[in-house]
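Undergrad: Pasted the sequence and its predicted model underneath.
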Amino acid sequence: MKLKEIAEHLGRRFVGDGDTEISGVAGLDNAGPGELTFLANPRYRQRLGSTRAAAVIIDKEVPGLDVAQLISDNTYLDFARTLELFYQAPVPAAEIHPTAVVAESAVIGPNASIGPYAVISGDVVVGKNAVIHPHVTIYRGAKIGDDFTAHSNAVVREFCEIGDRVILQNGAIIGTDGYGFAQQDDGSHYKIVQAGKVVLEDDVEVQAGSCIDRAAIGETRIRKGTKIDNLVQIGHAVTVGENGIICSQSGIAGSTTLGDNCILAGQVGVIGHLTIGDNVVMTAKTGVGVDIPDGQKISGAPSIDNRRWLRCTAVYNRLPELNKTVLSLKNRVEALEAGEKAAE
């Protein structure tokens with residue numbers, strides 16, 4: 001494919017030879033002749049001089065650069081769109097495999113692909129164009145929209161509701177029992193029936209090994225466009241707003257509400273019954289124990305304002321030297337006090 005054809009597809013302009021043949025897409029350091037690369041982080045701009053790529057997606061023209069340039073105001077997005085031109089994931093045939101178990105009362109929309117040993121229980125509804133890979137299990141009464149994709153070993157539990165264009169990666173489990181137990185007089189724990197459900201709205205993706213608990217009553221809801229990374233735990237009756245990003249090994253305890261456009265970096269922990277505003281950013285390993293208003297960027301455990309946390313960590317790195325200084329000053333003060341007493 002020629003560079004000018006890619007530029008036309010993306011609606012971008014190019015600098016250099018538009019007839020340059022592009023055979024694939026690769027990272028800045030790994031790209032070879034005939035490949036298109038991209039520069040999303042200005043810190044790596046100096047690497048442009050050594051790239052072997054045929055062309056680069058970049059935010060603004062670099063005079064004198066030896067490779068062709070495709071000018072973009074969103075380089076990472078255009079990289080993603082270009083990648084689709086060169087790689088398409090395998091699409092299984094629209095058929096129900098003979099080893100799949102589909103209940104008679106299940107309603108499966110047209111053009112579905114249901115792989116080997118998948119199990120779809122009674123009263124399930126699945127929309128059109130579903131791709132259900134081997135060993136997926138869908139419990140009774142689940143309602144699933146159009147263009148659903150579930151990879152091997154994903155599970156949708158009873159009565160959960162899933163919107164359109166939802167993707168479940170391998171081992172994602174939707175609607176596990178919430179962690180609810182009532183302590184009895186003898187100290188043992190009585191299991192609370194988890195009678196609620198999980199609702200995933202349109203365009204949600206849940207990646208490998210993540211679990212979203214059903215509520216005891218009511219619902220756990222993930223609003224449209226939110227993307228959940230691998231190994232995330234979302235507790236019962238949590239609400240996550242639209243277009244959120246929740247990164248790996250994060251956990252949100254029960255009955256917490258997150259606003260729209262929140263970002264939780266890796267290993268963030270949020271206790272239960274909190275209200276987190278819109279556009280909140282929690283950096284890696286943040287521990288959140290209080291409500292957070294809109295637009296805050298927080299860090300640390302317990303969480304504080306990110307700028308204050310940066311100053312605190314700068315001091316923390318200097319604690320050994322500061323301790324030596326304090327001890328030295330303490331010894332000098334004690335010596336002066338001893339001298340004054342001796343003079344008396």
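TA: That came through, no problem.
Undergrad: quick one: average pLDDT of the helix or strand containing E5?
TA: Assessed by DSSP states H and E, E5 sits inside helix 3-10. Averaging pLDDT along helix 3-10 gives 95.
Undergrad: Name the residues of it that are buried.
TA: By neighbour count on 16 or more other C-beta atoms under 10 Å, the buried set for helix 3-10 is 3-4, 6-7, 10. Where C-beta positions appear, they are placed from N, C-alpha and C, glycine not excepted.
Undergrad: which one of the residues you listed is nearest K128?
TA: L10 (29.3 Å; C-beta to C-beta).
Undergrad: Surely the closest one touches S72?
TA: Yes: look at L10 against S72 with C-beta atoms under 8 Å: they come within range, at 7.1 Å.
Undergrad: Run through who's touching the top helix by length along the chain.
TA: Counting residues, the longest helix in the chain under DSSP state H turns out to be helix 319-343. Contacts to helix 319-343, defined as C-beta atoms under 8 Å, 6 or more residues apart in numbering, come from residues V315.
Undergrad: Which residues are in contact with L310?
TA: By C-beta under 8 Å, 6+ apart, L310 lies in contact with S299.
Undergrad: That one in helix, strand or coil?
TA: Using DSSP: H, G, I helix; E, B strand; the rest coil, the structure places L310 in helix.
Undergrad: coming back round to it: name the residues contacting each of L10 and S72.
TA: D78.
Undergrad: on that earlier part again, flag every buried residue along the longest helix of the chain.
TA: Neighbour-count burial for helix 319-343, counted by 16+ other C-beta under 10 Å, picks out no residue.
Undergrad: I'd like to know how many residues surround K285.
TA: Using other C-beta atoms under 10 Å, K285 has 15 neighbouring residues.
Undergrad: Go ahead and confirm it touches V268.
TA: Yes: at 7.1 Å, K285 and V268 qualify as touching, with contact defined as C-beta under 8 Å.
Undergrad: What segments of the stretch 1-150 of the chain are helices?
TA: Under the criterion DSSP state H, counting those that start in this stretch, helices of the stretch 1-150 of the chain are mapped to 3-10, 75-86.
Undergrad: Please tabulate those helices in TSV, including the columns distance to T176.
TA: Formatted as TSV, the helices of the stretch 1-150 of the chain follow (distance: least, C-beta to C-beta, whole Å):
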stretch	distance to T176
helix 3-10	41
helix 75-86	31
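Undergrad: Which of the buried residues of helix 3-10 sits closest to I263?
TA: The shortest approach to I263 among those belongs to L10, at 26.1 Å (C-beta to C-beta).
Undergrad: what's the distance between the closest one and C312?
TA: L10 sits 43 Å away from C312, going by C-beta to C-beta, to the nearest Å.
Undergrad: again, but for A216
TA: Relative to C312, and taking C-beta to C-beta, A216 is found at 39 Å.
Undergrad: more crowded one of the two?
TA: Between A216 and C312, counted using other C-beta under 10 Å, A216 has the larger neighbour count: 18 against 13.
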